[in-house]
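# no sequence on hand, only this structure:
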């Protein structure tokens, strides 16, 4: 027994020494990737060996959520640790938008930069495309990518916007770039960044433009899967993950790097064969049903996260900022945030979610709340497919549906198919009280309520011009 104790103490000392240096942080954030769109979450028609490797070597979070099931709002939550309602960025900011992230908000990049980290973003930003809102004004040393979604250009069937700009730092270097190269370009930049900064702590954020429609894939992966273009696109994203992991391995820094892989919302179901799957969850992007807001997530950090583990406790992208802040030894922003530190849960020290409840808004409307195993939907309209989805890059039609006050037990009914409100009045009452706290704090336009602790987004400065 004594020898075992000595070995255990030795290993613990090695781990302590290993993680004495500040840890690196890598977040890979896909666009419109559904719950069942990677292998370790049930994908069919293609394989994702690099993402599956992350799951084997880390934790698979099965009940991980975004704050809203739409682009800009979701990214706001990830980077600020706040519900997007709190900081005034909702929906998907387009080329005509004149607002963006406020200078007074603290981003994940700024948290890391205050600790001397090198910081970079390669991919889709979508928190404002004017100079004052760009990443290099909000904690990132380097930026290369698109300022908003890749469908905001004339060639896309439903878009009515100006030419799509590709930005390097704060300069437009191309209009309507070759989108077949986007995943490759982002990956090459990410690997180069790791090569250049592996001897100091870094924060690397790779928000892929894919698989948001219109879909594009390089010749390296075109026609490589049985799932068609969508499968080829996911295979290339998996290749990108593999390249980033290989760079960490090559520089022998994988053991002191937190890697997070997740998505900004569920699949855009109206695009049919050009969209993914949220199976077995209900609905998709643009809704507060779990198919819209629950996303695949894997995290790896050797020595802190046990390999091959699974966490079914509710967590959200708002939790990444306080988790990273704790990891890198930085205090939280002075302004109120909504996220919670997940490290006790990831280490296995805690057995329950740090949240009493998670709130799901659409715009300023409170649509649903989750607390533990229970999810309560409030009466609201939502979009749903009308008949068959589209094909070959053209969307099928949506129809507006309405839900009443409905309670679901997600432990036994992940698909939100059986309303059990009548059988659980005490649960409904408890969740309604929690919702009232959210309405007081964040507002709820369905109830004509204004939140007492909401802040304005940044507004376009008079001397800034639109791109």
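Received, thanks. Since the model is a prediction, treat every value here as computed from it, not as a measurement. Residues are numbered from 1 along each chain as shown.

# how about the strands in the stretch 151-300 of the chain?
Along the stretch 151-300 of the chain, counting by DSSP state E, counting those that start in this stretch, strands occupy 165-168, 171-175, 202-207, 257-263, 294-300.

# now render those as TSV, adding mean neighbour count, distance to residue 388 and mean pLDDT.
C-beta coordinates here come from the backbone N, C-alpha and C atoms, glycine included. Below are these laid out as TSV (neighbours: other Cβ atoms under 10 Å; distance: least, Cβ to Cβ, whole Å; pLDDT from 0 to 100):
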stretch	mean neighbour count	distance to residue 388	mean pLDDT
strand 165-168	18	35	96
strand 171-175	11	35	95
strand 202-207	26	31	98
strand 257-263	25	24	98
strand 294-300	27	24	98
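
# the ones you listed into a markdown table, with extra columns for distance to residue 366?
Below are these laid out as a markdown table (distance: least, Cβ to Cβ, whole Å):
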| stretch | distance to residue 366 |
| --- | --- |
| strand 165-168 | 35 |
| strand 171-175 | 38 |
| strand 202-207 | 27 |
| strand 257-263 | 23 |
| strand 294-300 | 18 |
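
# out of those, which gets nearest to residue 120?
strand 202-207 (5.6 Å; Cβ to Cβ).

# so how far is the closest one off the chain centroid?
How far strand 202-207 lies from its chain's middle: 13 Å, per Cα atoms, centre = their mean, to the nearest Å.

# packing partners of that strand?
The elements that strand 202-207 packs onto, with contact taken as 3 or more Cβ pairs under 8 Å, 6 or more residues apart in numbering; DSSP states H and E, are strand 24-30, helix 108-113, strand 118-122, helix 182-197, helix 228-250.

# buried sites along the longest one?
Burial within helix 228-250, assessed by neighbour count using 16 or more other Cβ atoms under 10 Å, is assigned to 229-245, 247-248.

# poorly predicted segments of the stretch 201-350 of the chain, please.
The model of the stretch 201-350 of the chain has no residue with pLDDT under 70.

# what does the stretch 1-150 of the chain give?
1-20.

# now the helices for it?
Using DSSP state H, counting those that start in this stretch, the helices of the stretch 1-150 of the chain run over 2-18, 49-57, 71-80, 84-87, 108-113.

# identify the residues contacting residue 116.
Residues counted as contacts of residue 116 (Cβ atoms under 8 Å, 6 or more residues apart in numbering) are 22, 200-201.

# how about a cut-off of 10 Å?
With contacts defined as Cβ atoms under 10 Å, 6 or more residues apart in numbering, residue 116 is in contact with 22, 200-201, 328.

# tell me the domain boundaries of the protein?
Domain segmentation of the chain under automatic domain parsing yields 21-356, 359-450.

# from the chain's centroid, how far away is the longest one?
The one in question is domain 21-356. With Cα atoms, centre = their mean as the basis, domain 21-356 stands 5 Å off its chain's centre.
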